[in-house]
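Sequence and predicted model, in that order:
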Amino acid sequence: MLEIAANPIDQAESTTLENGLRVVSATMPNTQAVSYAVLINAGSRFESSAQAGISHFIEHLVFKGTRRWPTPRAISEQIEGVGGVLNASTGKELVTYWCKVPAPRFEKGSSVISSLVTEHLIPAEDVDRERSVILEEIDMYYDDPHSMTDLLSERITYPDHPMGRDIIGSRETLNSIERDDLLDFISKQYEPRSTVVAIAGKPSHAEAVAMAEREFGSWASDRAPAQREYSDGRTTGQALHVEERATEQANMLLTMPAPAQNDPDRFALSLLNAALGQGMSSRLFQRIREQMGLAYAVYAYWHPSSDQGHFGVYAGVSPDKAVSALEAIKSELGLALGGLDPDELERAREFVRGRLILGTEDTRGVLAWIGRQTALYDRVLPLSEAVAQIDAVTSEDVVRVAERVLDPANFRLAVLGPFADAGPFEAALGN
């Protein structure tokens, strides 16, 4: 068992302001940086089908100006002018606004990001202009075969469910969203009880709370917190979608239902995922690329949310090798039902443990850990506890998880490439 040194995640502290906003921080006294984020439970799964993409639309528009910094340039110059970086992201569950700045500029960085949430202007003249930008973004994703395969895969992994919808929305929904819709969505979703402020870096927790109180203490909502639907979008049974496109390479994604982020089997699944498809020494890479020469890119991944998840295998292959690659992938998944031998289990354990530690070495990694966990679970899992759970995984645990996840009866395959006939893929998937 690996003993890890004292780390800031284990010492993370949290405070709830009177208005319900939660503040979580991890002090890192030996760094000269600070990362700051505001996370809001307003992701795309909480949109109506008619307003798909509205969360992402809002994320773009708040950067157009705030009360204190009324232009996009004024916002970016405040952060970039001190050597910092700022950005935002919209996910299925969370919208996150963040920056990383030198520690002496913590107050400036936190003020700018906070203003995006509580002081946004959303000028009417910017709505149509930014709509055009996002429509170009949609075209960019649709033109990229890998990105498009991801979208097709999510649609058949979570059919007719918000988890399977494109975060960015569609041309139809974006063209129907007006400024009043945006402001109404903000009024319902952007409120202190649904918000977490996360800080990782040099400031103490007392300094973090003082900053949050200054920026958000007067923020109030006269509405009850928005009702958020948490339904399981996963279904059983096989599914296949083949989209014909004149590409030089075939893109394939094979998915199946998998545990959620906080499921007790998550650590065993992490080790199975590492052994199967993480890195050049993984089973899939060694067989599909090194031994058979079928693909340049092949990997496995586990994509969990707070209440559900899926496991997937991606491969980019020559079209004439696509069916052979699918058969080989299925074969490797079948072999994994037998578990991992002792040496392989230890290599996977060391891989997952090492990636976990390295991923939380800087302020951005620590910020992501404490912020997301607080926003979704209202608890920060100590890093030492996570490592101990990884060390406790047994061969029997891996076999149990493999049997739970790698069920061919639930395989769902998305293929994008020059294929007019889905028959060969249907036959390979069903065998």
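That came in fine, so what should we check first? Residues are numbered from 1 along each chain as shown.

which residues does Gly84 contact?
Taking CB atoms under 8 Å, 6 or more residues apart in numbering as the contact definition, Gly84 lies against Cys99, Lys100, Val101, Pro102, Arg105, Gly109. Just so you know, the C-beta spots here come from the backbone N, C-alpha and C atoms, and that holds for glycine as well.

you'd agree Asp232 is up against Gln308?
Yes - the pair Asp232 and Gln308 qualifies as a contact (CB atoms under 8 Å) at a distance of 5.3 Å.

Settle it for me: which of the two has more neighbours?
When Asp232 is set against Gln308 and neighbours are counted by other CB atoms under 10 Å, the residue ahead is Gln308, at 22 against 12.

contacting residues for that one?
Taking CB under 8 Å, 6+ apart as the contact definition, Gln308 lies against Met163, Asp232, Gly233, Arg234, Pro257, Ala260.

Next up, the contacts around Ala212.
Leu17, Leu21, Val23, Val197.

And the pLDDT at it?
At Ala212, the pLDDT value in this model is 97.

gap between Pro123 and Ile54?
For Pro123, the distance to Ile54 equals 17 Å [CB to CB, to the nearest Å].

Quick check on those two: which one has the bigger neighbour count.
Shown here are Pro123 and Ile54; by other CB under 10 Å, Ile54 has more neighbours (26 against 14).

my guess is the more buried one meets Asp181, correct?
Yes - in this structure, Ile54 is within contact of Asp181 by CB under 8 Å, at 6.6 Å.

Give me the contacts around stretch 421-431.
In this structure, residues lying in contact with stretch 421-431 by CB under 8 Å, 6+ apart are Gln238, Leu240, Val242, Ala322, Val323, Leu326, Glu327, Lys330, Phe411, Leu413, Val415, Phe419.

which parts of that stretch are buried?
If you call a residue buried by 16 or more other CB atoms under 10 Å, then stretch 421-431 has these buried ones: Ala422, Phe425, Ala428, Leu429.

which stretches of the stretch 201-350 of the chain have low pLDDT?
Counting by pLDDT under 70, the stretch 201-350 of the chain contains low-confidence ranges at 225.

avg pLDDT for stretch 127-134?
Model confidence over stretch 127-134, given as mean pLDDT, is 96.

Pull the distance from that stretch to the chain's centre.
Between the mean C-alpha location of stretch 127-134 and the chain-wide mean there is a distance of 24 Å, by CA atoms, centre = their mean, to the nearest Å.

ok, back up a step: I'd like the contacts of stretch 421-431 laid out as TSV, including secondary structure and distance to Pro304.
Supplementary listing: the contacts of stretch 421-431 in TSV, determined by DSSP: H, G, I helix; E, B strand; the rest coil; distance: CB to CB, whole Å:
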residue	secondary structure	distance to Pro304
Gln238	coil	22
Leu240	strand	24
Val242	strand	27
Ala322	helix	28
Val323	helix	30
Leu326	helix	24
Glu327	helix	28
Lys330	helix	23
Phe411	coil	19
Leu413	strand	21
Val415	strand	24
Phe419	coil	31
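
Now restrict those to buried residues only.
Buried positions within those, assessed by neighbour count (16+ other CB under 10 Å), are Leu240, Val242, Ala322, Val323, Leu326, Lys330, Phe411, Leu413, Val415, Phe419.

give the contact list for the fourth one.
With contacts defined as CB under 8 Å, 6+ apart, Val323 is in contact with Pro424, Phe425, Ala428.

which one of those residues is nearest Gly43?
When those are compared for distance to Gly43 (CB to CB), Phe425 comes out closest, at 31.9 Å.

Would you mind writing the CA trace of the strand or helix carrying the closest one as CSV?
With elements taken from DSSP states H and E, the one containing Phe425 is helix 423-430. Taking only C-alpha atoms (Å, rounded to 0.1, in the frame of the first residue of the first chain), the coordinates of helix 423-430 have been written out as CSV:
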residue,chain,number,x,y,z
GLY,A,423,-25.3,-5.2,-42.3
PRO,A,424,-21.7,-6.3,-41.6
PHE,A,425,-21.6,-4.2,-38.4
GLU,A,426,-25.0,-5.6,-37.3
ALA,A,427,-23.7,-9.2,-37.8
ALA,A,428,-20.4,-8.5,-35.9
LEU,A,429,-22.2,-6.8,-33.1
GLY,A,430,-24.7,-9.6,-32.7
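
mind showing which ranges of the stretch 51-200 of the chain have poor pLDDT?
Where the stretch 51-200 of the chain is concerned, nothing drops into low confidence, which here means pLDDT under 70.

so where do the strands sit in it?
Here the stretch 51-200 of the chain has its strands, by DSSP state E, counting those that start in this stretch, at 85-90, 95-102, 195-201.

coming back round to it: now for the contacts of Gly84: which two are most distant?
Considering CB to CB, no two members of the contacts of Gly84 lie farther apart than Cys99 and Pro102, which are separated by 11.0 Å.

Which one of those two is surrounded by more residues?
When Cys99 and Pro102 are compared on other CB under 10 Å, the one with more neighbours turns out to be Cys99, at 26 against 16.

if I look at that one, how far off is Gly81?
Between Cys99 and Gly81 the distance is 12 Å, computed by CB to CB.

can you check Leu429 too?
When distance is defined by CB to CB, Leu429 is 54 Å away from Gly81.

Check Arg347 too.
For Arg347, the distance to Gly81 under the criterion CB to CB works out to 46 Å.

Alright, calling it a day.
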